[in-house]
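1. Take a look and give me a structure for this.
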Amino acid sequence: MLPHQTAAMLTWDWVDAQMLRARNYWLCTTCGDGKPHAVPIWGVWVEGNFYFSTGRVSVKARNIRRDARVVLHLESGDDTLIFEGTLVDSHESATLQAAIVRAYADKYDIRPDAEDLDAIQFRLQPQKVMAWLESDYPATATYWLFDV
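-> Below you'll find the model as predicted:
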């Protein structure tokens, strides 16, 4: 199958399932001197959005404040899923925030404290998402573009 054929392309439901199932995510930010900074993080996929929290003075938080453009990807190179986008401060409704806290509790057995002034919660605004299955590449190579 050639890359321009669409029959084997992945669906957003596949993306949704991968993001819900993943335990660890890799976040790539840029340091002030231009060096890349990649770290594993925990996060949750709620209502089609990715959320994670970190300390306000962590390297990744400082990098995000300087340049909010990031790459987020899953651990697998066989079932590949890569997000390119921007992180924004997450100020969600009480109902949505409660769902985020429940998702963390269900997934990691922790409950983020919304009143923790040392932590900040981010939401990913994707600009491009790329996905493929290594076992059927390039037939499954799929990408989505988002208006920002």
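2. Quick check: buried residues in the longest helix seen in the chain?
-> Scanning the chain for the longest helix, with DSSP state H as the assignment, gives helix 94-108. Within helix 94-108, the residues that qualify as buried by neighbour count (16 or more other CB atoms under 10 Å) are 96, 97, 99, 100, 101, 103, 104, 107. Any C-beta I mention is one placed from the backbone N, CA and C, and that applies to glycine too.
3. after that helix, next one along is what?
-> Under the assignment DSSP states H and E, the closest C-terminal helix or strand after helix 94-108 is strand 119-133.
4. What pairs with that following strand, parallel or antiparallel?
-> Here the strand partners of strand 119-133, with direction, are listed using DSSP bridges: strand 49-55 (antiparallel), strand 79-89 (antiparallel), strand 142-145 (antiparallel).
5. Would you mark the buried spots in it?
-> Along strand 119-133, the positions that meet the burial threshold by neighbour count (16+ other CB under 10 Å) are 120, 121, 122, 123, 124, 125, 126, 129, 131, 132, 133.
6. Could you list the low-pLDDT ranges of this structure?
-> Applying pLDDT under 70 to the chain flags residues 1-5, 113-115.
7. if you set the cut-off to 50 instead, what comes out?
-> Within the chain, the stretches with pLDDT under 50 are 1.
8. re the thing from before, turn the strands paired with strand 119-133 into CSV, including mean neighbour count.
-> Rendered in CSV, the data for the strands paired with strand 119-133 read as follows (neighbours: other CB atoms under 10 Å):
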stretch, mean neighbour count
strand 49-55, 20
strand 79-89, 18
strand 142-145, 14
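9. Just put those strands in JSON lines and tack on distance to residue 28.
-> JSON lines is the format used below for those (distance: least, CB to CB, whole Å):
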{"stretch": "strand 49-55", "distance to residue 28": "13"}
{"stretch": "strand 79-89", "distance to residue 28": "10"}
{"stretch": "strand 142-145", "distance to residue 28": "18"}
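10. out of the ones you listed, which comes closest to residue 8?
-> strand 142-145 (8.8 Å; CB to CB).
11. how much distance is there from that closest one to the middle of the chain?
-> Average the C-alpha atoms of strand 142-145, do the same for its chain, and the two points are 15 Å apart (CA atoms, centre = their mean, to the nearest Å).
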